[in-house]
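# Sequence first, predicted coordinates after that:
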Amino acid sequence: MQDKYQPAEIERAAQEHWAKTGAARAVEDLSGQPARPKYYCLSMFPYPSGKLHMGHVRNYTIGDVLSRFHAMQGYNVLQPMGWDAFGMPAENAALANNVPPAAWTYQNIAYMKQQLKSLGFAIDWEREFATCTPEYYRWEQWLFTRLYKKGLVYKKLGTVNWDPVDHTVLANEQVIDGRGWRSGALIEKREIPMYYMKITAYAEELLAELDNLPGWPEQVRLMQKNWIGKSTGVRFAFPLADEFASTPDEKLWVFTTRADTIMGVTFVAVAAEHPLATRAAANNPELAAFIEECKKGGVAEADIATMEKKGLPTGITVTHPLTGEQVEVWVGNYVLMSYGDGAVMAVPAHDERDFAFAKKYNLPIKQVIAAEGETFSLDGWQEWYGDKTKGICINSGKYNGLGYAAAVDAIAADLAAKGLGDKKVQFRLRDWGISRQRYWGCPIPIIHCKTCGDVPVPDDQLPVVLPENVEITGAGSPLARMPEFYECKCPKCGGDARRETDTMDTFFESSWYFLRYACPDNATAMVDERVAYWCKGANFSGVDQYIGGIEHAILHLLYSRFFTKLMRDVGLIDFGEPFANLLTQGMVVAPTFYRELDGGKKQWINPADVDVVTDERGRPTGATLKADGLPVVIGGTEKMSKSKNNGVDPQALIDQYGADTARLFIMFASPPDQSLEWSDAGVEGAFRFLKRLWKTTHEHVAAGVAAACTGNDGLSTAQADLRRKLHQTLGKVADDYGRRKQFNTAIAAVMELLNAYDKAALTDTAGRALAQEVLEDVALMLFPIVPHLCQALYAALRPGRDAGRQAFPKADPGALVQDEIELVVQVNGKLRGSIRVAAGADKAAIEAAALAAEGAVRFMEGKPAKKVVVVPGRLVNIVV
RNA sequence: GCCGAGGUGGCGGAAUCGGUAGACGCAGCGGAUUCAAAAUCCGCCGUAGAAAUACGUAAGGGUUCGAGUCCCUUCCUCGGCACCA
């Protein structure tokens, strides 16, 4: 054993050893009676953006700790890795550097794979794949055609961001303050035909199954529940007066969850794209101009929801279905056409948004709900106006006096009797638009024929291969300019036809990759029996442990759940939930810096290239670019991303200190589910700890290894205390790894143990045996976090043994017993002293001891105890 | 705007079921070692105070013998909002 800790050398040796012994290779046991339980541990695969960032290191270290810990617990572990390889950044790189997206992607994969390997993760690399290869995406094309035939994929108009200068569709991210990121042009909404996945057909199941996912954080289940947004309400119609109707029975449909307030409707608002708005605008130039204005700007809901609410009357009126009164129809920029019927009833007295709108345009406000002890006023909005749980109907004719539920029932019944509406369950969840007018994605396997319509590509013509040598111009899709791609024959009639040139949303690839890891080499089927081996548990299905960023709490995780159900219903698998246990790691965030270029575009600067000036309290006051010393603008603190250029490359850290220090440091910095503001302060401390552990072990080994202690016989009191500490730590660390999945406290516990070890006298024979036991167990306990170092330490302590193949040490109950315990004594809840009592002392004895304690006597000032609270094993509180 | 999460020393964080607030580490300060430095080791380290003690977990209020933890209100930060992944 070397006397100095040399990470580069031991990490190389350990990685060679693991490669040679196939330590991370996962092999299915398909015997039907597996000897070991399986543990499929999956971290979200990375987009190959160029380099790893700290978020990746954090994510994959968590996965590796859990994988290695479970292997030591006797599980057959699968930890795979691959590449979410389709996506926009490859096209952006092509534009910026003139590299083809495919070449750029494969280069990035090669570099990042080498980075992952240098971190020593126990990944089974034989299962690696990139989603941009035809071997992978052919199966999603194959599935797509089946879903198309089942009617679960359909075509309709969807709204996109249109850049009128570049003549291209932009992602929401590429629309900045309403302008195109490259052209600077004002963005418009445009409707184009797109394919949609009918996720709403599964809304009920996606919602209900959330209750059967105890291994998911409550937070994520709640977010998905709210996203799906099941609401029970009433969908009803306002008939149009004859003078406005284009057909005899034309009606304006709306949905509301507050049918009890229907008598308070004072106007109706429709989306700018609503047919009524279009018709009214035909001979109303002012309205036409307003509708044009509504089309300006992007489609992102966050922008629309924060916009100033504006509206204009259409001049059309509709008939209130219950009162028969005429109600004005307005166009509102906050009403979304893609949402329900694209129209809403407005009850300004009992809806905050309607209230603000009515105030602004002087529209009538009619109170129809009253609550006991509350008074209504037109001057300001009060929370109780919109509270469903209190209040009864007033000014509502026959419904007066009814509460929420009774009023809704009565009103729905009356509307139904008139044929003008009924109760309806509605979901907030919308169908998933998957068409992208982009190049670097999976081609949608559809052929458009003038005679046969849309025809799915037959199996024997799959995959539809994405051509890799194309010219990216930033204007429109390159595929639409490639006749050699889109010119084809109709599979049905054999006539000339045109291939679809849109590609799929890249969420498609990530919605099923976890299944493909079980059988990446299968060239004849999407999945096979190995999927059942890795994904079927006794009481649950799916990946045993999934780990990834909280930013995926809704979209990726919901789409994956949806896909699993689709694949089940196509008969590919026999389970419906993809992930049994989910760990959502908090974002690694870092400050952003930028300079504004001509035309308002921002040039994002990496934090590593910036010097920050702070005031005496540590708050940043300014920043300059290292290269030229001139100021840069300080942006917000955001998740590390390529687009904001605030990712911190871990490579410098690995090069300087080694992979183990990087792993230890990121695990020690904070618990996994908490967001982490990046700072490398403290890396030195992690490195110092590893050096100290090496030195301590080296000193022990240099004096000659001993047989490890197996019981308390022959130990001094102080040595027995150390041994108790060791076995308490074993229990704590196993609990932290297994149940709590909180690694910073496990590390802190081992640090404490090592501090106690340093203070103990261990030179006698019993002490040497205890030292051996402590050091062996420390090496095994820390193996999941710093495997290279522990591999070397354990080999020195137990020559010829392989740390990774050892069972995780179990706490010895015999080491934990204690004769006396310390209890805290409080007077009126304030800490006033402590007592030592026998471990088995009864309540009366504890009370007596506490009342006699010096601090208690002093602070009771002779007053009698009114009450004595004894918390076993913790404290005594004397109330006077 | 809506949905979700968070806010504890100079900093990262601990306190797992309502029971000793600040474990563990970083930074800092003092000392040992050294010709000197690095490295290493020992000690101190929430605020005020000489001390006793008082105060202290974003702010304000409440429940409780006891609140960082539970409830209400407010402020701030982060994640998501359907074409970033």
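Perfect, I can see it now.

# Just the closest residue of the stretch 401-550 of chain A to RNA strand B, please.
A:Arg430 (3.8 Å; Cβ to the nearest atom of the strand). Any C-beta I mention is one placed from the backbone N, CA and C, and that applies to glycine too.

# which residues touch that residue?
Counting by Cβ atoms under 8 Å, 6 or more residues apart in numbering, A:Arg430 touches A:200, A:338-339.

# mind running it again at 10 Å?
By Cβ atoms under 10 Å, 6 or more residues apart in numbering, the contact set of A:Arg430 is A:158, A:196, A:199-200, A:203, A:229, A:336, A:338-340.

# Keep those residues, but drop any that are not near RNA strand B.
Subset of these in contact with RNA strand B: A:Gly158, counting by Cβ under 7 Å from any atom of the strand.

# Which ones among the contacts of A:Arg430 map onto helices?
In helices, judged by DSSP state H, the following of those are found: A:Ala203.

# Show me the two of the contacts of A:Arg430 that sit farthest apart.
The distance between the two most remote of those (Cβ to Cβ) is 19.6 Å, for A:Gly158 and A:Gly229.

# quick one on the thing from earlier: nearest to A:Met44 among the contacts of A:Arg430?
Among these, and counting by Cβ to Cβ, the member closest to A:Met44 is A:Ile199, at 20.5 Å.

# Isn't that closest one up against A:Asp505?
No - the criterion here is Cβ atoms under 10 Å, and A:Ile199 misses it with A:Asp505 at 12.0 Å.

# what residues are shared contacts of these two?
Residues touching both A:Ile199 and A:Asp505 (Cβ under 10 Å, 6+ apart): A:432, A:559.

# Against RNA strand B, how distant is A:Asn395?
Noted for A:Asn395: a distance of 26 Å to RNA strand B, by Cβ to the nearest atom of the strand, to the nearest Å.

# Contacts only, for the closest residue to that residue other than its chain neighbours.
Spatially, and ignoring its direct neighbours in sequence, A:Asn395 is nearest to A:Val368 (5.1 Å; Cβ to Cβ, 6 or more residues apart in numbering). Residues near A:Val368 by Cβ under 10 Å, 6+ apart: A:260-265, A:347, A:349-350, A:391-397, A:399-400, A:407.

# hmm, try it at 7 Å
A:Val368 sits next to A:261, A:263-264, A:349, A:393-396 when contact means Cβ atoms under 7 Å, 6 or more residues apart in numbering.

# Tell me the buried residues within the residues you listed.
Listed as buried from the contacts of A:Val368 are A:261, A:263-264, A:349, A:393, A:396; burial here means 16 or more other Cβ atoms under 10 Å.

# Mind putting those residues into TSV with distance to A:Asn877 and secondary structure?
Output for the buried ones among the contacts of A:Val368, formatted as TSV (distance: Cβ to Cβ, whole Å; DSSP: H, G, I helix; E, B strand; the rest coil):
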residue	distance to A:Asn877	secondary structure
A:Thr261	52	helix
A:Met263	58	helix
A:Gly264	55	helix
A:Ala349	52	coil
A:Cys393	52	strand
A:Ser396	56	coil
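
# Among A:Gly158 and A:Gly229, which residue is more densely surrounded?
Neighbour count, other Cβ atoms under 10 Å: between A:Gly158 and A:Gly229, A:Gly158 has more, with 19 against 14.

# Quickly note the distance from the residue lying closest to that one once chain neighbours are set aside to A:Thr506.
Nearest residue to A:Gly158, sequence neighbours excluded (Cβ to Cβ, 6+ apart): A:Met194, at 4.1 Å. Separation of A:Met194 from A:Thr506 (Cβ to Cβ, to the nearest Å): 15 Å.

# ok, now A:Asp454?
Taking Cβ to Cβ, one finds A:Asp454 at 22 Å from A:Thr506.

# what's the answer for A:Ala707, then?
For A:Ala707, the distance to A:Thr506 (Cβ to Cβ) stands at 57 Å.

# Neighbour count for these two, which is higher?
Higher neighbour count among A:Ala707 and A:Thr506: A:Thr506, with 22 against 9, using other Cβ under 10 Å.

# which residues touch that one?
By Cβ under 7 Å, 6+ apart, the neighbours of A:Thr506 are A:86-87, A:441.

# which residue does the stretch 601-750 of chain A bring closest to RNA strand B?
Proximity of the stretch 601-750 of chain A to RNA strand B (Cβ to the nearest atom of the strand) peaks at A:Gly685, 2.3 Å away.
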